[in-house]
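Asks: Got a sequence here, can you build the structure:
(2 chains)
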Amino acid sequence: MTAIASNASVLLTIGLAAMVTYLLRFGGLMLAGSLPRSGRWKRFMDALPGTILLSLIAPAIVSAGLWGGVGTLATALCAYKTKNLLLSMLFGVAIVALSRQF
Amino acid sequence: MLGVVRMGFVANLPVAVSVAAYGSILGVLAAQKQITWHLLLTMNLSIFAGAAQFVMVDMWIPPLRIVEITLAVLAINLRYVLIGASLQPLFQGKSLLHKLLMMHLVADENWAVTMAAYRKGTASTYFLFGGGMCILLAWCLGTLTGHTLGAVVQNPEGYALDFVFVAVFTALLMTLWRGKPDLAPWLVAAVSAVLFQQMLPGKWYIVIGGISGALVPVFYPSTSESDSGETSS
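Replies: Prediction:
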């Protein structure tokens, strides 16, 4: 493989990834614009932010083991009580980091 | 307008700290794969999607399997269709150009912060954009720091840097909690995400979990405002 060919494929790979990602973002917005904002559809869309975010992390929480679970719970409780994002994250991360020192 | 951009920027600062933290892990991995810093920066600016970039770097073995990598990015970022759709009320009445310009800087983090602010009535597209700038800056700083100092952080797991990702989204998630009606959708989302993560390859579980959870309130008994003409569930 020549250097030029590999350079082109690198740029093509990044370009395609960027294009796909942008089209998904923009396509979602356009799609929703043509759909109703009431009734069942509204309830679906209103529930979506929470359920996507949870789906993103649920498997990672499970595979993080016992202390990962403790750290997650600590972060969640702290965020719920204090509404302080940074404090809550540091709290959870500190617990997991400490647990790995032993 | 600039004031709102700044508000969005500032509101995302706590989250940006953790974005920089797991960005540094990506930087370390990229350096190990001989990905130059300017290539990494190009990815940051043009793709701007953390999870997808992690998978790309992971698959970065020459000769590049372009189709395979593109499909992986598509699957991981499929959630952005839902994320984009959920931003629709925020973009109500905005011009096409405004939408085209603002939608690039939408990451999980500034989106979640914006949705939480929107529910309190304090968000706009400029708030979203300010947040995007903040996250982008942190993402670049974090990844490039990791890339440069690669050899310094020998054992990121020891500092639980891999757990930062879970922690940031857990904290963000709590800001989206709307009370008891969220319990069932969230349970369904979590359980199906965990199940499908084991059953299907790739990142389909994010979209499947998100959709299946959000389908739950669709079957709740309808309130007065809703459901014209629909009788069966």
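
Asks: what sits against residue 64?
Replies: Just so you know, I chose chain A. A:71-72, A:96, B:163, B:166 (Cβ atoms under 8 Å, 6 or more residues apart in numbering or on different chains). C-beta coordinates here come from the backbone N, C-alpha and C atoms, glycine included.

Asks: wrong chain, I was asking about chain B
Replies: Listed by Cβ under 8 Å, 6+ apart, the contact partners of B:Leu64 are A:6, A:9-10, A:13.

Asks: For these, pick the one with the most neighbours.
Replies: When neighbours are taken as other Cβ atoms under 10 Å in any protein chain shown, the top entry among the contacts of B:Leu64 is A:Thr13 (22 neighbours).

Asks: B:Tyr15: what's it in contact with?
Replies: Small correction: residue B:15 is Val, not Tyr. A:85-86, B:109-110, B:112-113, B:135, B:168, B:171-172.

Asks: hang on, I meant B:Leu45
Replies: If you count contacts by Cβ under 8 Å, 6+ apart, then B:Leu45 has B:136, B:140 around it.

Asks: So which residue is smack in the middle of chain A?
Replies: Central residue of chain A (Cα atoms, centre = their mean): A:Leu56, 5.0 Å from the mean position.

Asks: Also near chain B: which of the contacts of B:Leu64, exactly?
Replies: Restricting the contacts of B:Leu64 to those within reach of chain B (Cβ under 8 Å from any Cβ of the partner chain) leaves A:6, A:9-10, A:13.

Asks: In the longest helix along chain A, which residues are buried?
Replies: Longest helix of chain A, by residue count under DSSP state H: helix A:3-33. Residues of helix A:3-33 classed as buried under the neighbour-count rule (16 or more other Cβ atoms under 10 Å in any protein chain shown) are A:9-10, A:13-14, A:16-18, A:20-26, A:28-30, A:32.

Asks: what does stretch B:189-199 give?
Replies: Quick answer for stretch B:189-199 (16+ other Cβ under 10 Å): B:189-190, B:192-197.

Asks: check those residues against chain A, which are close?
Replies: Within these, those near chain A by Cβ under 8 Å from any Cβ are B:189-190, B:192-194, B:197.

Asks: Could you find the closest non-adjacent residue to the closest residue to chain B within chain A?
Replies: Proximity of chain A to chain B (Cβ to the nearest Cβ) peaks at A:Gly28, 2.4 Å away. For A:Gly28, ignoring the flanking residues on the chain, the nearest one in space by Cβ to Cβ, 6 or more residues apart in numbering or on different chains is B:Gly84 at 2.4 Å.

Asks: Neighbours of the one you found, how many?
Replies: For B:Gly84, the tally of surrounding residues (other Cβ under 10 Å) stands at 25.

Asks: got the contact list for the host helix or strand of B:Leu187?
Replies: Counting by DSSP states H and E, the element that carries B:Leu187 is helix B:183-199. The contact list for helix B:183-199 (Cβ under 8 Å, 6+ apart) reads A:47, A:50-52, A:54-56, A:58-59, A:62, B:204-206, B:208-210, B:212-217.

Asks: tell me the contacts of B:Ile61?
Replies: B:Lys33.

Asks: three-state assignment of it?
Replies: Three-state call for B:Ile61 (DSSP: H, G, I helix; E, B strand; the rest coil): coil.

Asks: Contacts only, for the closest residue to chain A within chain B.
Replies: Closest approach between chain B and chain A, counting by Cβ to the nearest Cβ: B:Gly84, at 2.4 Å. Counting by Cβ under 8 Å, 6+ apart, B:Gly84 makes contact with A:24-32, B:103, B:106.

Asks: low-confidence ranges in chain A?
Replies: Low-confidence segments of chain A (pLDDT under 70): A:1-5.

Asks: rerun that using 90 as the cut-off
Replies: A:1-7, A:32-42, A:44-49, A:52-53, A:56, A:64, A:83-86, A:89-90, A:100-102 (pLDDT under 90).

Asks: how does it divide into domains?
Replies: Residue ranges for the domains of chain A, per automatic domain parsing: A:1-35, A:49-102.

Asks: thinking again about what came up before, going by distance to B:Arg65, which of the buried residues of stretch B:189-199 wins?
Replies: B:Gln197 (22.8 Å; Cβ to Cβ).

Asks: quick one on the thing from earlier: quick check: the residue nearest to the centre of chain A touching B:Arg79?
Replies: Yes. The pair A:Leu56 and B:Arg79 qualifies as a contact (Cβ atoms under 8 Å) at a distance of 7.3 Å.

Asks: how about B:Ala85, secondary structure?
Replies: helix.

Asks: right, is stretch B:109-124 up against chain A?
Replies: Yes. Stretch B:109-124 reaches chain A (Cβ under 8 Å from any Cβ) through B:111-112, B:115.
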